[in-house]
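Participant: Got a predicted model here, sequence first, then my questions.
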Amino acid sequence: MGFNRIQTKQLTAVLIGITFVVIILGGIVRVYDAGESCPDWPTCFGSFGFDISEADQEAWWDDNPDEIDSRGPLHRYTSFEIYTEWFHRVIAGSILGPLVLLNWWLARKEEGITTEVRLASSISVGLIIWQGLLGWLTVKMDNEHWSVALHLASALMFMMSLIWMWLAIARDLREEPDWITFDPILANSWHKRIAWLSLATLLTLFTGVFVATTPGANQACGVGGFPNTWPLCNGELFSKITDIFAQSQLIHRLLVGIVGLALIAASIMIWRESDDGQCGSLLSKWIYLISGMFLLNLSLGGLYVLSAKVDGFEIVYDELLSLFHLMFASITFLLLATVWTSMKVISFYESNPENIE
C-alpha cells in the first residue's frame, strides 16, 4: 500500500526533526573547532571513516600540501573531533538528503497533494542540493566566516521549506493545529510586521555566526568584565566602525539591540490591542514567548563574553554557552518564521479558501 497525505505529513515532520539535529551537530562542530577536521569532501582525509591517526593525517597532508590546516602544518585532530564533523556529514548526506528526495517523490505520486505542497517539496530538494554545495564550499574555503554563516542561514531556510510543506498538508487535511491557527483579520494586520521581525532576527543570527567564526572578532570589545566589555564595548556605548570584519561583534550587538527593542515594542503593541479587545490572545502569547527567548539569549551572549578568561597567551571562552546561544538564536528565528508562514498558509486560507486547489 502506497503512502497517503497523512503519511507524507508524518515523514515531513520527521525531516524537520532530523534537520534540527543536523543544525545542532553543526553547532557542536564549531564549538569543538572541528570544521577543518575533514579537510576534503565528501571523504575525510581520503577515507569514508573517522578514525584517522595523526600519522595518517600527516601522510594525507604531505600528499595534499594545498589543503594544510589554517592553523598550520603541525595541527592535528583527535578522533573525536573528526567524528563530530564526520557524523554531521553522515546524518545530512546519507539520511536527510535521500529522505528529502523520497518526500519529493511521494508528493508527486499522491493525487490529493496540492500544487503548493509540491512547490514546497521542490524547493526543499533545491535547498538540500544547494546546502550540499555550500558544505563543499565551506570545506574548500577552510571555514571562512561568510561561508559558515551562509551555510547556517541556508539550513534554516531549508527547514522553513519543510515547515511550510507540513503546514500546507495539515491545512489540506483540515488538521490545522490550534496552536498556530490565527484569526484571519489578525493575520492580515500583523503578517508584514512578523515578516520584518523574522528577517531582522535572521540577519542578527547571521552576524553572530560571523563573529564566532572570524578570528579575534569576539575580542573586539575587549576582555575584562562587566560593564566595560559587556554591555559596553571597550568601556564605550558605541565606537566608530572602521573595519566591519574586525568589529563585527559591535555590529552584531547593535543589531541585537535594535531587534530586541522592536520585539519589546511589538509586545507592547499586541498587549494594547488585546486590551482593547481587537485581537485574540494566541498571537500575544507567541510574541511574548519569542521576545522572552530573544532577551534570554541576549543575556546568554553577555554571559559568554563575561566568561572569558586569560590563560597564558590564550583567551578561553565557555563554548557550551556559545552553543546554547546559537541554538536559542536559531529557535527564535524559526518560531518567528513559522508564525509568519502559518499566517500565510493557514490563516489567509480561512478567509480565502478559493485560493487553494
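Facilitator: In hand now; what should we look at? Numbering: from 1, shown residues only.
Participant: I'd like the average pLDDT over the helix or strand residue 272 falls within.
Facilitator: Per DSSP states H and E, residue 272 falls inside helix 248-275. Throughout helix 248-275, pLDDT has a mean value of 90.
Participant: And that helix, what's buried?
Facilitator: 248-253, 255-256, 259-260, 262-263, 266-267, 270, 273-274 (16 or more other Cβ atoms under 10 Å). Placement of C-beta: from N, CA and C, glycine included.
Participant: Tell me which other helices or strands it touches.
Facilitator: helix 184-213, helix 282-306 (3 or more Cβ pairs under 8 Å, 6 or more residues apart in numbering; DSSP states H and E).
Participant: Would you mind saying which of these lies nearest residue 222?
Facilitator: helix 282-306 (9.1 Å; Cβ to Cβ).
Participant: burial of residue 130, as a residue count?
Facilitator: When neighbours are defined as other Cβ atoms under 10 Å, residue 130 has 13 of them.
Participant: now it, nearest residue through space, not along the chain?
Facilitator: residue 154 (6.1 Å; Cβ to Cβ, 6 or more residues apart in numbering).
Participant: ok, that neighbour to residue 293 distance?
Facilitator: Here residue 154 is placed at a distance of 23 Å from residue 293 (Cβ to Cβ, to the nearest Å).
Participant: for residue 328, same thing?
Facilitator: In terms of Cβ to Cβ, residue 328 sits 6 Å off from residue 293.
Participant: Please apply the same query to residue 195.
Facilitator: In terms of Cβ to Cβ, residue 195 sits 18 Å off from residue 293.
Participant: One more: residue 115?
Facilitator: Taking Cβ to Cβ, one finds residue 115 at 34 Å from residue 293.
Participant: Which one of these two is surrounded by more residues?
Facilitator: Set residue 115 next to residue 293 and count neighbours by other Cβ under 10 Å: residue 293 wins out with 17 against 10.
Participant: you'd agree the more buried one is up against residue 332?
Facilitator: Yes: between residue 293 and residue 332 there is a contact under Cβ atoms under 8 Å: 5.0 Å.
Participant: With distance to residue 70 and mean pLDDT added, can I get the helices and strands packed on helix 248-275 in a markdown table?
Facilitator: Formatted as a markdown table, these follow (distance: least, Cβ to Cβ, whole Å; pLDDT from 0 to 100):
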| stretch | distance to residue 70 | mean pLDDT |
| --- | --- | --- |
| helix 184-213 | 11 | 90 |
| helix 282-306 | 23 | 93 |
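Participant: Take those helices and write them to a markdown table, including distance to residue 95.
Facilitator: Putting the helices and strands packed on helix 248-275 into a markdown table (distance: least, Cβ to Cβ, whole Å) gives the following:
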| stretch | distance to residue 95 |
| --- | --- |
| helix 184-213 | 24 |
| helix 282-306 | 29 |
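Participant: how about those, which one is nearest residue 74?
Facilitator: helix 184-213 (22.1 Å).
Participant: got the angle between the helix or strand residue 6 falls within and helix 184-213?
Facilitator: Assigned by DSSP H and E, residue 6 belongs to helix 5-31. Per axes from the mean of the first three to the mean of the last three Cα atoms, to 10 degrees, the angle that helix 5-31 makes with helix 184-213 is 30 degrees.
Participant: which of the residues in whatever helix or strand comes next after helix 5-31 are buried?
Facilitator: Next in sequence after helix 5-31, counting helices and strands by DSSP H and E, comes helix 54-63. Across helix 54-63, burial judged by 16+ other Cβ under 10 Å covers 57, 60, 61.
Participant: for those, which one is nearest residue 307?
Facilitator: Using Cβ to Cβ, those come closest to residue 307 at residue 57, 31.4 Å.
Participant: Surely that closest one and residue 76 touch.
Facilitator: Yes: Residue 57 is within contact range of residue 76, at 5.7 Å (criterion: Cβ under 8 Å).
Participant: Let me see the domain layout of this protein.
Facilitator: 1-175, 177-357 (automatic domain parsing).
Participant: rank those domains by pLDDT, which is bottom?
Facilitator: domain 177-357 has the lowest average pLDDT among the domains of the chain, namely a mean of 85.
Participant: How about residue 149, nearest residue that isn't a chain neighbour?
Facilitator: That would be residue 209: by Cβ to Cβ, 6+ apart, it lies 4.1 Å from residue 149.
Participant: residues contacting that neighbour?
Facilitator: Counting by Cβ atoms under 8 Å, 6 or more residues apart in numbering, residue 209 touches 145, 148, 149, 152, 326.
Participant: ok, 7 Å please
Facilitator: For residue 209, the contacting residues are 148, 149, 152, by Cβ atoms under 7 Å, 6 or more residues apart in numbering.
Participant: Residues touching stretch 287-296, excluding its own?
Facilitator: So stretch 287-296 is contacted by 259, 260, 263, 264, 266, 267, 270, 328, 331, 332, 335, 336 (Cβ under 7 Å, 6+ apart).
Participant: Packing partners of the host helix or strand of the last one?
Facilitator: Looking back up the chat, that one is residue 336. Here residue 336, judged by DSSP H and E, is contained in helix 319-342. On a contact count with 3 or more Cβ pairs under 7 Å, 6 or more residues apart in numbering; DSSP states H and E, helix 319-342 meets helix 5-31, helix 145-172, helix 184-213, helix 282-306.
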